[in-house]
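In: Just to be clear, the model below is a prediction. Sequence and coordinates:
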Amino acid sequence: MNTRLAINSIYRATEGEGHWLGSPQVFVRFQGCAIGCVNCDSKETWDFPLQGTLTMEQTLSNIQSEALGKIKRVSITGGDPLHPKNEEGVLALIKELKLRNYWINIEAAGTRIVPTIFDLIDFISFDYKTPSTQVKVNEKLFHKLVEQYSGKFQIKAVIETREDFDDVLNFRETHFGEGHNFPWYLTPSYNLGEEFPMERFQSVVDWNEQSGGLFRVVGQQHKWMFGPDKKQV
């Protein structure tokens, strides 16, 4: 239990997007990310600390406190919790949480699959990086995800432009066709400092309907409630 973890924050909030929308969880946000999405809304989590910010004991105590002794769902996010610099600490935390019977989701950036972590947790939220992020997609990872973790994941893509939507649609049709039925969520982007993007949201809904409704369009509820700039909600 001497492990020190690079923690940005630990807070209780209702899941604001994707498959578990509306579920209360404790979010454990790790510090450090080297992916570099240009439209990231959490750039304050990019820098890697020189050393761990919390001990394992402090981390578990904070989670327990935020959980109010009753919430047994934890979402591990970032930053990038799967970066090699965070991997050891995340794995150690997951093992401790499992001993305490927590349900665990991890927010994966879609740039790595880490079997030692993925095999232990309950759910994987796997990002598909659209052109507006300027991050290259590794096609092989998505095939591996579908083959090895069926029924245990969702794919999420943030849509800012028609180019983003067309890219996601082409990827799904090219690589998976109609034979694969897994949850894929489109999130209309809601950028920092922006008014509610009603026109963008309506456009994504229309594009999805016109293309056969292969996706579920789910916005970011927490941003509707608190605005796009509010943190830890």
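Out: Arrived safely, thanks for sending.

In: ok, which stretches of this structure are strands?
Out: Using DSSP state E, the strands of the chain run over 4-5, 7-14, 24-30, 54-55, 73-77, 103-108, 123-127, 153-159, 184-188, 216-217.

In: quick one: residue 83 from residue 28, how far?
Out: Per Cβ to Cβ, to the nearest Å, residue 83 is found 15 Å from residue 28. C-betas here are computed from N, CA, C, even on glycine.

In: pull the longest helix from the chain.
Out: helix 84-99 (DSSP state H).

In: any idea how far residue 193 is from residue 169?
Out: 29 Å.

In: Give me the contact list for the least confident helix or strand in the chain by mean pLDDT.
Out: Here the helix or strand of the chain ranked lowest by mean pLDDT, DSSP states H and E is helix 221-226, holding a mean of 87. Helix 221-226 is contacted by residues 13, 14, 16, 17, 21, 22, 190, 196, 230, 233 when judged by Cβ atoms under 8 Å, 6 or more residues apart in numbering.

In: for the chain, which spans come out with low pLDDT?
Out: Low-confidence segments of the chain, defined by pLDDT under 70: 1, 179.

In: hmm, 80 instead?
Out: Residues of the chain that meet the criterion pLDDT under 80 lie in 1-2, 50, 177-180.

In: Not counting its neighbours along the chain, what's nearest the residue minimising distance to the centre of the chain?
Out: Central residue of the chain (Cα atoms, centre = their mean): residue 107, 3.1 Å from the mean position. Ranked by Cβ to Cβ, 6 or more residues apart in numbering and with sequence neighbours excluded, the top spatial neighbour of residue 107 is residue 77, at 4.0 Å.

In: returning to what we had before: want to throw the strands of the chain into CSV with distance to residue 92?
Out: Below are those laid out as CSV (distance: least, Cβ to Cβ, whole Å):
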stretch, distance to residue 92
strand 4-5, 8
strand 7-14, 13
strand 24-30, 12
strand 54-55, 11
strand 73-77, 12
strand 103-108, 13
strand 123-127, 19
strand 153-159, 23
strand 184-188, 30
strand 216-217, 34
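
In: Tell me which of those strands sits nearest to residue 133.
Out: For these, proximity to residue 133 was assessed by Cβ to Cβ; strand 153-159 is nearest, at 7.3 Å.

In: Any buried residues in stretch 82-97, and which?
Out: 82-83, 85-87, 89-94, 96-97 (16 or more other Cβ atoms under 10 Å).

In: Could you do stretch 52-63 as well?
Out: 52, 53, 54, 56, 59, 60, 62, 63.

In: swap in stretch 168-177?
Out: So for stretch 168-177, counting by 16+ other Cβ under 10 Å, buried means 168, 169, 171, 172, 176.

In: is it true that residue 175 touches residue 140?
Out: No: Residue 175 lies out of contact with residue 140 (Cβ atoms under 8 Å); the separation is 10.0 Å.

In: which residues do the two both contact?
Out: Counting by Cβ under 8 Å, 6+ apart, nothing touches both residue 175 and residue 140.

In: hmm, which of the contacts of helix 221-226 are the buried ones?
Out: 16, 17, 21, 190.

In: Please flag which of these sit within helices.
Out: Going by DSSP H, the helices hold none of the buried ones among the contacts of helix 221-226.

In: Now those in a markdown table, please, with extra columns for distance to residue 3.
Out: Converted to a markdown table, the buried ones among the contacts of helix 221-226 look like this (distance: Cβ to Cβ, whole Å):
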| residue | distance to residue 3 |
| --- | --- |
| 16 | 29 |
| 17 | 30 |
| 21 | 32 |
| 190 | 35 |
